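Enquirer: Could you work out the structure for the sequence below:
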Amino acid sequence: MATMNSMNGGALWPRTAREPGGQQLPAGFEEAELELRQQPAGHWSMALELGLALDEPASDSLQEGLAEPAADTLLPLAAAAPRPPWKFERKAFYQGYARVFSKLDARQTEGLNELLGAAEADTELTDLRWLAYMLATVQHECAGTWRPIEEYGKGAGRPYGKPVVVVDPQGKKYRNVYYGRGYVQLTWKSNYEKLGKLLGNRLLYEPKLALQPVIAYRIMSLGMRRRLFTGKKLGDYLRQGKTDYVNARRIINALDQAQKLAKNAVQLEKLLRSSLVSEARQPAGGLLASTAVAAGKASAQYQDESKWLAMFDGSPRLSWDGLELNRKAERSQTADGFNIPVKHEPQLLRWSKGDASTLKWRPQGITGSREAGSPERARWLVISWYGRKEADNAQRGARISLLDYVPDSPSHLRYRHVLLVQNAANRENPELFHLPDGAPAYQQHAGFAPVTVHAGGIAWVGNLLYVADTTLGLRVFDLTRLHPAVEDSTGNRCGREGGAMYAFNYRYVLPQVGYYRMKGTAPHSFVSVGSSGDERCLWTGQYLQKATQGTPMLFAWRLQPDGHIETSGPLAELQPNDGGGRAYNMQGAYHAAGASWLSVTGRSAYKGSTARLITQAEKAKGVRWRWPHGAEDLYLEADTNTLWCLTEYTAGESPGERFVFGASLPSYGANLHPAA
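Expert: Below you'll find the predicted structure:
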């Protein structure tokens, strides 16, 4: 029974997914957030234990364009030197797991992969036995699914199982039941509210966030390492000279099933040790460190899928000039949350009403025809979206918006959504097609299927569109292969049936022509075109949260004349600095001529936003600038030196609105090298 104290005496973590129980938070925990900044220097360690961001002042004292105090000026307690990240050879691990326990199906493998990936980056895990026992705990508490799960019965008959109405800051009402969710179950409204504040998310209003593996992992890792559940921690039972897997159960639930978990932990420890192949790369230095990548550490493999495109034979390949752009964006001077000062020459484009407010889709990546390296092209902006599982829309995968940005064009600021599609045969490969549990069913025909990726970043090179795939690497599309689809009154069909192509009622589809499977550089959160030295490159970057204690990196992949990347490995890697340390929560990046521009989120609130633009000259600390709330990917329109970005949240979800915006790149510092 994982226990924590709470102001209302309610349960934070119930006994298991099957047997919830009521417990409380440790004394003083509820005051941590309020009192943290009032404590003397010796008390800042609580913030480190809870994973709070303290690298910025709580007040509106952030100076526009001035570097903020480094984190170590706020955190005087010296932390133990973190270990380099671990790396586990998956094939060896899963073969051993099948021999000791049983063979995992695709869904179980995906869930366990997420846990192993989080642990590899979590350098606070300094003992493999800690990870072994955490895995044994998840294996038991989540009934072998290896996924965060909901409490069986969903709180029925429990005191916390009654619906509660909550109202968000924008006045929107939600009717939620706060039953157990996650790897280590979370219950009661007050605890969802408290954890939501500590993690900086909307957990109170969207309790299903507790089922996201990243959030569930943070709760488990912090709780088991820092005695937040029962007053016991991993180090009490697993340390130098002591291995007591039986009593380690007291961290969660007295000695319930202690012998079973101990036996499983022993086996999992053996599997982890036998599959630990090396310590992953750990770049030195706290500033922007540019180094060559060691041979064999990272690489990419391209899979050409062009043969399947024969299914489009007989379907016209459409010219962009003839597209029916059925929606209209508008240029504006103001919007809620648009906080960029006039001196940065800001530009603002607002979506049509429906796209500005939809909760079914979230915009993520941005690129344009000027990034493609073809000045004669018309000026287009391209924005990627993903279908949200929280809004029962994940089955539609990802789409892009094609926005005409030519000032004198008859279709100026008009745009259209296009569905991304892939070979329907890829549905049999969980690496290429995966839907969350509970995703609504749809009618799948032959030929093509949706592309189920987060699409956190996109880049246009020649005729190719690169779309970031978080775990796999990069999906590749040919922008000359736009094809028409037919009207579908059901809006629920995808694929080719007879001579008709259906795409959830989208008018156009863009098929995937290949993909890059990248090794050693995940997560692939975003992508952009830039340079490294004199080489034109495609940059991929990592979104990592602070609680993982990992090192967010950028990787440069040399571009070849045909627009593809060299697969031997990255040309260079960068460890960006946000002015106070590692650049956590990177949503997008542009790098050229030795300087970086980063779009980051999750900082302290300032001018209505927790996002920042980070500018960093070579071998210097980053400088933080105000940036709209919910900011995402970056794209440099090189011929105008406009740095484009976008926000993802609707007006009902955040302090601001959803829009596309740009700013003058040179206005952010003469100390930076000119953009390439």
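Enquirer: From one end of stretch 303-310 to the other, what's the distance?
Expert: 17 Å (Cα to Cα, to the nearest Å).
Enquirer: Any buried residues in that stretch, and which?
Expert: E305, W308, L309 (16 or more other Cβ atoms under 10 Å). (Glycine included, C-beta is placed from N, CA and C.)
Enquirer: ok, of those residues, which one's closest to F88?
Expert: When those are compared for distance to F88 (Cβ to Cβ), E305 wins out at 29.2 Å.
Enquirer: Secondary structure element holding the residue lying closest to the closest one once chain neighbours are set aside?
Expert: Counting by Cβ to Cβ, 6 or more residues apart in numbering, the nearest residue to E305 once its immediate chain neighbours are dropped is G514, at 4.9 Å. When secondary structure is defined by DSSP states H and E, G514 falls within strand 508-519.
Enquirer: which other helices and strands contact that strand?
Expert: Under the contact criterion of 3 or more Cβ pairs under 8 Å, 6 or more residues apart in numbering; DSSP states H and E, strand 508-519 touches strand 299-304, strand 414-423, strand 473-478, strand 483-484.
Enquirer: M134: which of these is closest?
Expert: Per Cβ to Cβ, nearest to M134 of these: strand 473-478, 27.7 Å.
Enquirer: Okay, angle between the closest one and strand 414-423 too, please.
Expert: 110 degrees (axes from the mean of the first three to the mean of the last three Cα atoms, to 10 degrees).
Enquirer: Could you export strand 473-478 as PDB, CA atoms only?
Expert: Provided in PDB are the C-alpha atoms of strand 473-478 (Å, rounded to 0.1, in the frame of the first residue of the first chain):
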ATOM      1  CA  GLY A 473      13.200   8.500 -36.000                       C
ATOM      2  CA  LEU A 474      11.800  10.200 -39.100                       C
ATOM      3  CA  ARG A 475       8.900   9.600 -41.500                       C
ATOM      4  CA  VAL A 476       9.500  10.800 -45.000                       C
ATOM      5  CA  PHE A 477       6.900  12.100 -47.500                       C
ATOM      6  CA  ASP A 478       7.100  13.400 -51.100                       C
END
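Enquirer: That one pairs with which strands, and in what direction?
Expert: Here strand 473-478 is paired, per DSSP bridges, with strand 464-469 (antiparallel), strand 508-519 (antiparallel).
Enquirer: JSON lines please, covering the ones you listed and showing mean neighbour count.
Expert: Output for those, formatted as JSON lines (neighbours: other Cβ atoms under 10 Å):
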{"stretch": "strand 464-469", "mean neighbour count": "26"}
{"stretch": "strand 508-519", "mean neighbour count": "21"}
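Enquirer: mind putting those strands in a markdown table, distance to A485 included?
Expert: As requested, the strands paired with strand 473-478 are arranged in a markdown table below (distance: least, Cβ to Cβ, whole Å):
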| stretch | distance to A485 |
| --- | --- |
| strand 464-469 | 18 |
| strand 508-519 | 5 |
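Enquirer: and Q395, which of the ones you listed is closest to it?
Expert: For those, the distance to Q395 is smallest for strand 508-519, at 15.5 Å, taking Cβ to Cβ.
Enquirer: What mean pLDDT does stretch 248-264 get?
Expert: Taken as a whole, stretch 248-264 has a mean pLDDT of 91.
Enquirer: ends of that stretch, how far apart?
Expert: End-to-end for stretch 248-264, by Cα to Cα: 13 Å.
Enquirer: what's the longest helix in the chain?
Expert: Counting by DSSP state H, the longest helix found in the chain is helix 258-275.
Enquirer: What is the distance between that helix and the centre of its chain?
Expert: Here the centre of helix 258-275 is set off from its chain's centre by 30 Å, with Cα atoms, centre = their mean, to the nearest Å.
Enquirer: and if you look at stretch 533-550?
Expert: Distance of stretch 533-550 from the chain centroid (Cα atoms, centre = their mean) equals 12 Å.
Enquirer: Next, the distance between the ends of stretch 519-537.
Expert: One end of stretch 519-537 sits 18 Å from the other (Cα to Cα).
Enquirer: mean confidence score for that stretch?
Expert: On average, stretch 519-537 scores 92.
Enquirer: How about stretch 439-450?
Expert: Averaging pLDDT along stretch 439-450 gives 93.
Enquirer: For stretch 134-151, buried residues please.
Expert: Neighbour count says stretch 134-151 has 134-142, 145-151 buried, by 16+ other Cβ under 10 Å.
Enquirer: With just CA atoms, put stretch 416-434 into PDB.
Expert: Taking C-alpha atoms only, stretch 416-434 is exported to PDB below (Å, rounded to 0.1, in the frame of the first residue of the first chain):
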ATOM      1  CA  ARG A 416      -6.400  23.200 -46.200                       C
ATOM      2  CA  HIS A 417      -5.800  20.200 -44.000                       C
ATOM      3  CA  VAL A 418      -4.200  17.100 -45.700                       C
ATOM      4  CA  LEU A 419      -4.200  13.600 -44.100                       C
ATOM      5  CA  LEU A 420      -0.900  11.800 -43.800                       C
ATOM      6  CA  VAL A 421      -1.100   8.200 -44.800                       C
ATOM      7  CA  GLN A 422       1.100   5.100 -45.000                       C
ATOM      8  CA  ASN A 423       1.000   1.600 -46.400                       C
ATOM      9  CA  ALA A 424      -1.900  -0.300 -44.800                       C
ATOM     10  CA  ALA A 425       0.500  -3.200 -44.400                       C
ATOM     11  CA  ASN A 426       2.300  -1.200 -41.800                       C
ATOM     12  CA  ARG A 427      -0.600  -1.800 -39.400                       C
ATOM     13  CA  GLU A 428       0.900  -5.100 -38.700                       C
ATOM     14  CA  ASN A 429       4.100  -3.500 -37.400                       C
ATOM     15  CA  PRO A 430       3.800  -1.900 -34.000                       C
ATOM     16  CA  GLU A 431       6.900   0.200 -34.700                       C
ATOM     17  CA  LEU A 432       5.000   2.000 -37.500                       C
ATOM     18  CA  PHE A 433       1.300   1.800 -36.400                       C
ATOM     19  CA  HIS A 434       0.100   2.000 -32.900                       C
END
